[in-house]
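A.B. asks: Show me how the following folds:
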Amino acid sequence: MTNRSKARGGRIIATLLLAVAWSPISPPPQASAQTEEQGEKLFSDRCTACHSIGGGRLVGPDLKGVVERRESSWLRRIIQEPDKLLADGDELATQLLREFNNVPMPNVGLSEDEVDALIAYLETAASAGQAQQSPPGGSAAEQGPPGDAKSGLRLFTGATRLANGGAACAACHSVAGVGALGGGSLGPDLTGVYQRLGKAGLAAALKGLPFPSMREIYEYRPLTAQELADLLAFFAQAQGEQARSGNSRFFLLGLGGFALLMALPPIFWRNRIRPVRQDLLGGQS
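C.D. replies: The predicted structure is shown next:
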């Protein structure tokens, strides 16, 4: 081989090495698929209690197209630390809180890798035209057995024990007019929860356990379909009774105020009539 041939061969090898060095290194397709699969499972386990993809609003917003709508760093932060984002006064997070009935998004303790997997899944779901995600609770609410409000009340107070051994709702929550003390105070008052979340949203929250404190108690002691239906019926009835009792209180307060106003003039004017009577009776009282 001549020197010219050797030099030419060296240049070809160098060009190939440079091409390889400057080529972008893509992750193995299998690793990418595993990440998306992990994200899909995370979404199903942690997110469907409050969100859908193309299925409409639940407790929180529909996440269809969220990757395109929101700036990447903001989206990562609200997924990983929504409580801190709100505490920092983020304008968009505060607006969403008001829009969704002041129900804050819980911090479910996701790692950086889990956030990556969720975002990868959301990107894939959007690009593939993912079909509507049905929340586990919403599906159960629509297709489950009819509920009984009286049975739901007994489940709420603990008069009837939950089949799988979970704690009664009243251990942490209260509902106006229920029980002598109303219930516990560790969790929020649930008097108007049916109106705030709606049937599908409340069912999804009871079934999907989006809040860490609920998950710790009920993850391995889930509600049965009948218990879910009965509790939904109870909360719906409690909402209606609250509205009726509010109207009754308003009426009774108005009636009491009217009676008080009618009683005051005779009291104040009684002594003013006495001098007139004395003149008419010649000084006799």
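A.B. asks: any chance you could map the helices in the stretch 151-285 of the chain?
C.D. replies: For the stretch 151-285 of the chain, applying DSSP state H, counting those that start in this stretch gives helices covering 193-208, 212-218, 225-280.
A.B. asks: Can you tell me which helix or strand of this protein has the lowest average pLDDT?
C.D. replies: helix 136-143 (a mean of 51; mean pLDDT, DSSP states H and E).
A.B. asks: quick revisit: lowest average confidence across the helices of the stretch 151-285 of the chain, which one?
C.D. replies: Per-stretch mean pLDDT for those is lowest at helix 225-280 (a mean of 62).
A.B. asks: Using CSV, list the CA coordinates for the host helix or strand of Ala120.
C.D. replies: Per DSSP states H and E, Ala120 falls inside helix 112-127. What follows is helix 112-127 as a C-alpha-only set of coordinates in CSV (Å, rounded to 0.1, in the frame of the first residue of the first chain):
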residue,chain,number,x,y,z
GLU,A,112,-36.9,13.4,40.6
ASP,A,113,-37.0,10.1,38.6
GLU,A,114,-40.7,9.7,39.3
VAL,A,115,-41.4,13.2,38.1
ASP,A,116,-39.5,12.5,34.9
ALA,A,117,-41.5,9.3,34.4
LEU,A,118,-44.8,11.1,34.9
ILE,A,119,-43.9,13.9,32.4
ALA,A,120,-42.8,11.3,29.9
TYR,A,121,-46.1,9.6,30.2
LEU,A,122,-48.1,12.8,29.9
GLU,A,123,-46.1,13.7,26.7
THR,A,124,-46.8,10.2,25.3
ALA,A,125,-50.5,10.3,26.2
ALA,A,126,-50.9,13.7,24.5
SER,A,127,-49.1,12.8,21.3
